[in-house]
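Enquirer: dropping the sequence and predicted coords here.
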Amino acid sequence: ELKVEQNPLFLSMQEGKNYTIYCNYSTTSDRLYWYRQDPGKSLESLFVLLSNGAVKQEGRLMASLDTKARLSTLHITAAVHDLSATYFCAVDIDTDKLIFGTGTRLQVFP
Amino acid sequence: DTEVTQTPKHLVMGMTNKKSLKCEQHMGHRAMYWYKQKAKKPPELMFVYSYEKLSINESVPSRFSPECPNSSLLNLHLHALQPEDSALYLCASSPLYGPWGYTFGSGTRLTVV
């Protein structure tokens, strides 16, 4: 059974600090996505990682993919309150099945 | 047009009602999906249509019935639902190939009373 696990499940961090969210998955895949979800809202696409070693950055967020280790990371640099949300990684299986991770609820406080 | 449009945004229905959720995309995507998301949980895959044919059914109860009338439209017919079926229902589409990934709609918030 495919498992996509995120660590931590809940993250409370101070503004200005750095932190990394980890996404581990249990099957072979070279396509991984990161999404942001605000309470009561739909999913906002953040990053599409399509190959081993892929690294993408947008503002204070940077995502990477290591397909050999079956690991993706989402690094947060100098957190601000606006980043407070739930973050999901999702693994693409056979190009037609997207399985989501457990989610990381991020709270940034002053 | 780079959006997936879902209607209605909110739906309240009784356990004996029949209702439908609608999803539409005009990006030429060849696959469309239904996901169910309970509060504080990740989205769970329900159905996948590839090239207008049902390719994946994740053991969803028969009170949920998907339909793909054409490549741009996806429906989810609801009948005899239970209160535990209350959730956010998300539609998504993808081109299947290429670097563009999945596009999600804004969702339908369903409450079963």
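Expert: Right, received. Where do you want to start?

Enquirer: what's around A:C23, how many residues?
Expert: Neighbour count of A:C23, defined by other Cβ atoms under 10 Å in any protein chain shown: 26. Using the backbone N, CA and C atoms, a C-beta is placed for each residue, glycine as well.

Enquirer: revised request: answer the last question for A:G53.
Expert: Neighbour tally, A:G53, other Cβ under 10 Å: 10.

Enquirer: ditto for the one 10 residues further on
Expert: The local packing count at A:A63 equals 24, with neighbours defined by other Cβ under 10 Å.

Enquirer: which strand or helix spans it?
Expert: Taking DSSP states H and E as the criterion, A:A63 maps to strand A:61-66.

Enquirer: ok, now A:N52?
Expert: Using DSSP H and E, A:N52 falls outside every helix and strand.

Enquirer: so what's the residue most central in space within chain B bridging to?
Expert: With distances taken as Cα atoms, centre = their mean, the residue of chain B nearest its centroid is B:W34 (3.1 Å). Beta-bridge pairing of B:W34 under DSSP bridges involves B:F47, B:C91.

Enquirer: before we move on, what about B:L110?
Expert: Where B:L110 sits in a bridge, its partners, by DSSP bridges, are B:L11, B:A87.

Enquirer: one more: A:V55?
Expert: A:S64.

Enquirer: what's the burial count for it?
Expert: Residues near A:V55, counting by other Cβ under 10 Å, number 12.

Enquirer: likewise A:H75?
Expert: A:H75 has 15 nearby residues by other Cβ under 10 Å.

Enquirer: can you pull the contacts of residue 83?
Expert: In the absence of a named chain, chain A is used. Applying Cβ atoms under 8 Å, 6 or more residues apart in numbering or on different chains, we find A:L83 in contact with A:R60, A:L61, A:I76, A:L106, A:V108.

Enquirer: meant chain B actually
Expert: Contacts for B:P83 were tallied using Cβ under 8 Å, 6+ apart; they are B:M15, B:V112, B:V113.
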